[in-house]
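okay, predicted coordinates and the sequence, questions at the end:
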Amino acid sequence: MTSPTTARSRDPRTTARSRHPRATIRFRDPRATPYDFIRLIVVRCPGCAKAAHVVPVPGAPEPGGRVLFQARRLVCRGCGLSRTWESRQNVGLTRGTARPATDPYFGLPLWLQVETRHGWLWAYNLEHLDLIHRFVGASLRERAPWYDIGAATTLVARLPVWIKRAKNREEVLRAVGRIHTSLIE
């Protein structure tokens, strides 16, 4: 006579797939910071309202080795607009999700953003958006240990709580999808 546990394990209806309908997707925090994503920022062009890029000026030195204060150029392929930013002050990375995000140099609205019922979801570029997509879509999220140097300053650690919550996963992934579609249009 077989035990109930043995009979259950042999029952074809209780396979690993039926117990776990969704495969475990793992995300390991790459320890990226917002500074890792400001080499290219996609913004809304003030001239034609199409996608424009804010990029470092080629050959410009990085003052004190800081990419944040490097001279920038706004370039729009739609209307040919080109502006240069060389100030060394009043640079602040976008924080929070209560209002639309802007780029830290020209103050233009980001192209990759959408409003949700919880707040604004935004990204500086596609690499940044991909990081958010991989993090939100993962059912297993691994971060650096709390005692590790800089663990609290990574971009993933500083995401708003509503983005991190599993109950909002589908809504955030839909918002990421809407942002991707805005690039195609």
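It's in.

please make it C-alpha for all contacts and neighbour counts, starting now.
Will do.

in this structure, which helix or strand is least confident?
helix 16-19 (a mean of 44; mean pLDDT, DSSP states H and E).

neighbouring contacts of the longest strand seen in the chain?
Criterion DSSP state E: the longest strand present in the chain is strand 51-56. The contact list for strand 51-56 (Cα atoms under 8 Å, 6 or more residues apart in numbering) reads 39-45, 70-78, 111.

of those residues, just the buried ones, ChimeraX syntax please.
Buried members of the contacts of strand 51-56, identified by 16 or more other Cα atoms under 10 Å, are gathered into one ChimeraX selection as follows:
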select :39,40,41,42,43,44,45,70,71,72,73,74,75,76,111
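
so which of the contacts of strand 51-56 belong to strands?
In strands, defined here by DSSP E, the members of these are 41-44, 72-75.

which of these sit farthest apart?
Within the ones in strands among the contacts of strand 51-56, two members stand farthest from each other by Cα to Cα: Arg44 and Arg72, at 15.7 Å.

in the longest helix that the chain contains, which residues are buried?
Assignment by DSSP state H gives helix 169-184 as the longest helix of the chain. By neighbour count with 16+ other Cα under 10 Å, helix 169-184 contains the buried residues 169, 172-173, 175-176, 179-180.

packing partners for that helix?
Helix 169-184 sits against strand 113-115, strand 120-122, helix 126-137, with contacts defined as 3 or more Cα pairs under 8 Å, 6 or more residues apart in numbering; DSSP states H and E.

of those, which approaches Arg28 most closely?
For Arg28, the closest of the helices and strands packed on helix 169-184 is helix 126-137, at 8.3 Å, according to Cα to Cα.

that closest one vs helix 169-184, what angle?
With axes from the mean of the first three to the mean of the last three Cα atoms, to 10 degrees defining the directions, helix 126-137 sits at 160 degrees from helix 169-184.

now helix 126-137 - C-alpha only, PDB.
Extracted in PDB, the C-alpha atoms of helix 126-137 (Å, rounded to 0.1, in the frame of the first residue of the first chain):
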ATOM      1  CA  LEU A 126      16.000  52.400 -23.100                       C
ATOM      2  CA  GLU A 127      18.700  50.800 -21.000                       C
ATOM      3  CA  HIS A 128      17.200  52.400 -17.900                       C
ATOM      4  CA  LEU A 129      13.700  51.300 -19.000                       C
ATOM      5  CA  ASP A 130      15.000  47.700 -19.600                       C
ATOM      6  CA  LEU A 131      16.400  47.600 -16.100                       C
ATOM      7  CA  ILE A 132      13.000  48.600 -14.600                       C
ATOM      8  CA  HIS A 133      11.200  46.100 -16.800                       C
ATOM      9  CA  ARG A 134      13.600  43.200 -15.800                       C
ATOM     10  CA  PHE A 135      13.200  44.200 -12.100                       C
ATOM     11  CA  VAL A 136       9.400  44.400 -12.100                       C
ATOM     12  CA  GLY A 137       8.900  41.300 -14.200                       C
END
